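[1] quick one, structure for this:
(chains A and B)
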Amino acid sequence: MTTIDPHLATAGTTGDRADGALSSLAAWITTSDHKKIGRLYIGASMLLLLAVAVVASLLGIERIDATSDLLDSGAMPQMFSLYRVVLTFGVVAPLGLGLAVAVVPLQLGARSLAFPRLALGGFWAWLVGGILVIISIALNGGPGGGDPEMVDLFLIAHILLVLGLIATAGSVATSVLTTRAPGMNMRRVPLFAWGALIGALGMLLLLPVLVATLVMVAIDHYYGRTTFGGNTGIADWVGFAFTQPATFVYAVPVFGFAAEAVATASRNRLPMRGVALTGIALVGTGLLAGVTQTDAALPRDVLQQSVGDFIQDVLPYLLLEALPLLGPVVLLAVIGLALKPPVRPRISAAFVAGILSAGMVFTGMAGNALYQVGDAQLAGTVFEEGAWLYVSYGLVIAALGALTYWGPKLWGRRIDDKKSLPLVGLAFIATVLAALPYYIAGFAKQPAGATQFDYSGPQNLWNALSAAGHILMLLTVLAFIGLAVSSFRTGDLAGDDPVDGQTLEWATTSPPPADNFAEVFIISSPEPLLDLKPARTAVTEGTA
Amino acid sequence: MHALPPAPAPAPRRQLFVGTSLACAAGLMLYGAMIAMFVRYRKITLAVPGSEWKPAKSVVPEVATNIMLISFLAIYVFVQWAVYAARRNHKSYVGLSLGLTVVIAIAVINAQAFTWFQMNLGVRDGTYQTLFYALTGTFTVLMIIGVVFSLVTVFRYLGGRTNDREIVTAHAIYWYFVGAAFVALWFVVYVTK
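    As a prediction, this is how the structure comes out:
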């Protein structure tokens, strides 16, 4: 018996086709292959992205005209809950985690993910919990819901969903800490794997606080108490996990991917790699505000306070709100160095997506830092939603680039870069369209989570632009899914290293066998394939 | 495929130990958050003059709760004894120490049930009661997980997997975590009340 999966090109000769659809389904449901688990996560979260983009589009259209009766006004709290919960915990967190599950063991030179069945169990808990969350919100549950039983179901399902993410995050973090190839110390860990580690550790520390809160609120609500404000208090208690800066933790892998894509495109080693790793890690400090559930906003007229009061107000703000922002500043500086002339980067969908997604998440982080300044008077406005959208859709852009980049390793076939690149561009435009108008409307005092408002300025225009952004994102993701499905079914077979990569995933076949590598590699630098390629060229020239 | 130099299979890097440690860190965050919410509501309630936090008629059975605390000292000794014995391949001592850990852990669960019975609180009767049951219920779940972990460890070890010492170490780490959680529970709920 072999434990190695056949290469895609020869799969048809192995007799595996004789297996029935049922056994194939069972194999998927019970798989311990990290690539399949990652694909399950990615596929499910992309489908949920389509669903939430529809909800976001409807909410956007509803906000264009205050007299609109497109949606029942009584259903608005549920719609906003659905939008928040599903985009954050149905798309952003699992999409980054799914990519990490699929790719990180390959980058580490590992034969498998640590605790793969834990990761798989996490996926099913997340999926079942997510479906129940959606059902409960749709049936008048969720924060502010009117049906007590559905509110209970929402809380319990949410606990299940988050426990699933914690389990998978534990698996990813343990993989990076324990399954690296010989010679790969922590300074040599690939940049995306480093981002995945920081994100997973952040989730491991942040999400249990959310579980604790949900358990308390669920017990309180189930027994008819109102200690935590009953159904209307749920959003206040668990909202910290859906807003900035906690959302930065879910988006950390974006920066790892951006750095990785830039290094590959530049065909050089990333300069000041230690600084880049520090920058990525700094983004993870976003969890500090989450775990302490502290809103470290700067009060108004902070500059007119006494020195003692000033320090007392400014220090928490700097630590909890501004420190995560330092991460992308550092990383973008390193990226700038990497692309300094005479370097001419190879323009690809992954490279463009990496740069744009890091820029979008950075814009969201900067927006959050501004939102917390009292003198800006943005509290309670849609400005916060704009920042959240920049972070969330920023991760979606990164996912489109990452799927194009690592598609060969996950499916064995390539997505045509020329077709993927315009879609990345469209996703960028959609993100700016969806989020930027809320930044502007926030200054005009458009209230958050409301469909009826009246303020001076072209309020219809801002909301129409945002709705158009959501619709464009929906169409773009739909087109990308279509492109990916057709490419992975009938596209060109990929070579082992079609992107001229630097890290270990490009040293195995496309797709890799079930246990990834036929041999164990000894690593002597962060870019093991770059060490090899000049030698290979020299040998070729010598032979010629 | 590139011809990178092959190497022997890497030595295990204590995967179970690292994974258990991460799980314990997550558990500490979970339990710490619950304790923090208990303390916060106690402070809010007691800030109102004349208000009552813990019902006066309900008395904490301090003998039982103190014995639970002391039991954790014994658990700490036994789990570390198991690690010590496993390193020296003393199979019978490993089995004995892990078995004693299970017995004491069940005794702690029993003491917790006794505490619930003695305090005679209704979960819907007030904020204190709700939070009390949330905290002690979560602690009991952690204890039950610990008992299962101990049983798995002892069956694996006595079943012949004596080279698998890492699980004994990971098992010890888990009990250290549960002990730390109980110390916080004991101090906040049973001592300062």
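[2] what residues does the stretch 1-150 of chain A put near chain B?
    A:114, A:115, A:118 (C-beta under 8 Å from any C-beta of the partner chain). Backbone N, C-alpha and C define where each C-beta goes, glycine included.
[3] need those in CSV with neighbour count, can you?
    Shown next, in CSV, are those (neighbours: other C-beta atoms under 10 Å in any protein chain shown):
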residue, neighbour count
A:114, 25
A:115, 21
A:118, 18
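[4] narrow those residues to those in helices?
    Within these, residues falling in helices by DSSP state H are residue A:118.
[5] closest one of the residues of the stretch 1-150 of chain A next to chain B to residue A:413?
    Comparing those against residue A:413 with C-beta to C-beta picks out residue A:114 as the nearest, at 28.2 Å.
[6] the closest one contacts residue B:17, correct?
    No. Checked against C-beta atoms under 8 Å, the pair residue A:114 and residue B:17 is beyond contact range at 11.4 Å.
[7] for chain A, see how far away residue B:180 is.
    15 Å (C-beta to the nearest C-beta, to the nearest Å).
[8] residue contacts, that residue?
    residue B:28 (C-beta atoms under 8 Å, 6 or more residues apart in numbering or on different chains).
[9] what's the burial count for residue A:370?
    Summarising burial for residue A:370: neighbours were counted as other C-beta atoms under 10 Å in any protein chain shown, giving 16.
[10] same question for residue A:127.
    20.
[11] any idea which element it lies in?
    helix A:116-138 (DSSP states H and E).
[12] which helices and strands sit right next to that helix?
    Counting contacts by 3 or more C-beta pairs under 8 Å, 6 or more residues apart in numbering or on different chains; DSSP states H and E, helix A:116-138 is packed against helix A:34-64, helix A:76-85, helix A:148-178.
[13] list just the one of these that sits closest to residue A:263.
    Comparing the helices and strands packed on helix A:116-138 by C-beta to C-beta, helix A:148-178 comes nearest, at 18.3 Å.
[14] now the element after that closest one, going C-ward?
    With DSSP H and E, the next secondary element past helix A:148-178 is helix A:191-222.
[15] related to what we said a few turns ago, could you export the residues of the stretch 1-150 of chain A next to chain B as TSV, including pLDDT and distance to residue A:97?
    Listed next are the residues of the stretch 1-150 of chain A next to chain B as TSV, based on pLDDT from 0 to 100; distance: C-beta to C-beta, whole Å:
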residue	pLDDT	distance to residue A:97
A:114	93	14
A:115	94	14
A:118	96	13
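[16] return the most buried member of the helices and strands packed on helix A:116-138.
    Among the helices and strands packed on helix A:116-138, helix A:148-178 has the highest mean neighbour count (mean count of other C-beta atoms under 10 Å in any protein chain shown), at a mean of 24.
[17] same for that one, what does it pack against?
    Checked by 3+ C-beta pairs under 8 Å, 6+ apart, helix A:148-178 has helix A:93-108, helix A:116-138, helix A:191-222, helix A:230-238, helix B:15-46 packed alongside it.
[18] and the angle from the third one to helix B:15-46?
    Direction vectors for helix A:191-222 and helix B:15-46, defined by axes from the mean of the first three to the mean of the last three C-alpha atoms, to 10 degrees, enclose an angle of 40 degrees.
[19] against which helices or strands is helix A:191-222 packed?
    Looks like helix A:191-222 contacts helix A:93-108, helix A:148-178, helix A:230-238, helix A:246-266, helix A:273-283, helix A:287-292, helix B:15-46, helix B:127-158 (3+ C-beta pairs under 8 Å, 6+ apart).
[20] which residue does the stretch 401-544 of chain A bring closest to chain B?
    residue A:519 (4.0 Å; C-beta to the nearest C-beta).
[21] in the chain, where is pLDDT below threshold?
    You didn't pick a chain, so chain A it is. Chain A contains residues with pLDDT under 70 at A:1-19, A:534-544.
[22] nope, chain B
    B:1-12.
[23] neighbours of residue B:136, how many?
    Neighbour tally, residue B:136, other C-beta under 10 Å: 19.
[24] test my guess that it contacts residue B:189.
    Yes. At 7.4 Å, residue B:136 counts as touching residue B:189 under the criterion of C-beta under 8 Å.
[25] quick one: contacts for residue A:320?
    A:245, A:288, A:289, A:292, A:294, A:296.
[26] at 6 Å what do you get?
    Residues in contact with residue A:320 (C-beta atoms under 6 Å, 6 or more residues apart in numbering or on different chains) are A:288, A:289, A:296.
[27] now swap in residue A:468 and tell me
    Per C-beta under 6 Å, 6+ apart, neighbours of residue A:468: residue A:433.
[28] rerun that using 8 Å as the cut-off
    With C-beta under 8 Å, 6+ apart, residue A:468 has these contacts: A:60, A:433.
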